[in-house]
Structures are given as structure tokens and as C-alpha cells.
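Asker: Provide a 3D model corresponding to the input given below.
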Amino acid sequence: MPNDVATRLTAIRARVRRFTRRRRRPLAAALAGLGVLVALTSLRTPTAAVQPESQPPGQGLLRPGEAAVPIALSSPALVRTISLGSIVDIIDVPRDEGADPTVVVHGARVIDIPDGGSGISVSSTPVIVVAVDDADALPLVATSSRDIVGLVIRGMQETD
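Answerer: Predicted coordinates for the structure are as follows:
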């Protein structure tokens, strides 16, 4: 009986080898396509953001006349001190020793705190997304790409 099982296994192995030898290229193409599909699926960002139940509905949405601006912060500790809906003043801290800090935006609303990124590499720089008036968006982007950005927490957004 054990001989019978061994004989069957040998026959199955021979059929599999014969099948793979004859269809080597189509199998290689199918496996390559499957690999590309898996890679693209793992790099894709989620299409719909899920809001936590504790967040009031519509809090993450932009109001008319507002723009969403991602801000790279200087310290991960800053991200832990704020939450969705926090109202913050964004401070420009110039890299020059002699320049004084200035307020770039008053009353920006925190609408998203990404969890560290997605895709191939995860950034160690903490990022938040704030809603600001359209007029404040461009100066804020220029400041955040040039200098160190700090925050002053003013409070939480009033729910409508």
C-alpha cells in the first residue's frame, strides 16, 4: 500500500513537470502579471476615508472658500498634542538665527492627521492637513517648504 501511494505521487509529479515544461512561457507571463497586480494593489491608497464614530459628521470637509494644506511639522510630539478639529495658529520659525518667528495663519482647522504615510516608504516627518482660507494657502505652502513650522493650539472647533 505505501508503494501504491509513492507510485501515484511519482506519476503526479511527472504530469506536473510535463505540464510546466510545455507551458513555461504562458505560466511565466501569468505569474509576472499576478506579481504586478499584487504590487499595484499594495501601493494603492484607500479611495474612501473612514471617519471614526467619535468624530462629528462633516468635520473633515472643507467649507466654501477654504483650501486643504498639508503641513510638515518639526517634531512628532506636536502631532500628539492636537486632534481632528483643533484650531491652531501656524507659526513661521525662520532658520536664520536673527529672524523673529511670525504668525502665518490664524485659526487654521486640523482636518486630517495621516498615520505615517502609505506606499513604499514611510516618512519620519509628521504631517497634518489643515483647512485655511484660500488667500492663506499659498503663503502657508511657501513657508512650510522653506522654514520650520510651529503650532499654537487655540482650541477645538465648535460643532454646527
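Asker: following the helix or strand bottoming out on mean pLDDT in the chain, which helix or strand shows up next?
Answerer: The helix or strand of the chain with the lowest confidence, counting by mean pLDDT, DSSP states H and E, is helix 76-80 at a mean of 82. Note on helix 76-80: by DSSP states H and E, the next helix or strand toward the C-terminus is strand 86-93.
Asker: if you count neighbours, what's buried in that following strand?
Answerer: Across strand 86-93, burial judged by 16 or more other C-beta atoms under 10 Å covers 86-88, 90-92. Every residue, glycine included, has its C-beta placed from N, CA and C.
Asker: average pLDDT for that strand?
Answerer: Summarised as a single mean, pLDDT over strand 86-93 is 90.
Asker: do stretch 110-122 as well
Answerer: Mean predicted lDDT for stretch 110-122 stands at 65.
Asker: quick one: pLDDT of residue 159?
Answerer: pLDDT, residue 159: 59.
Asker: same deal with residue 58?
Answerer: 40.
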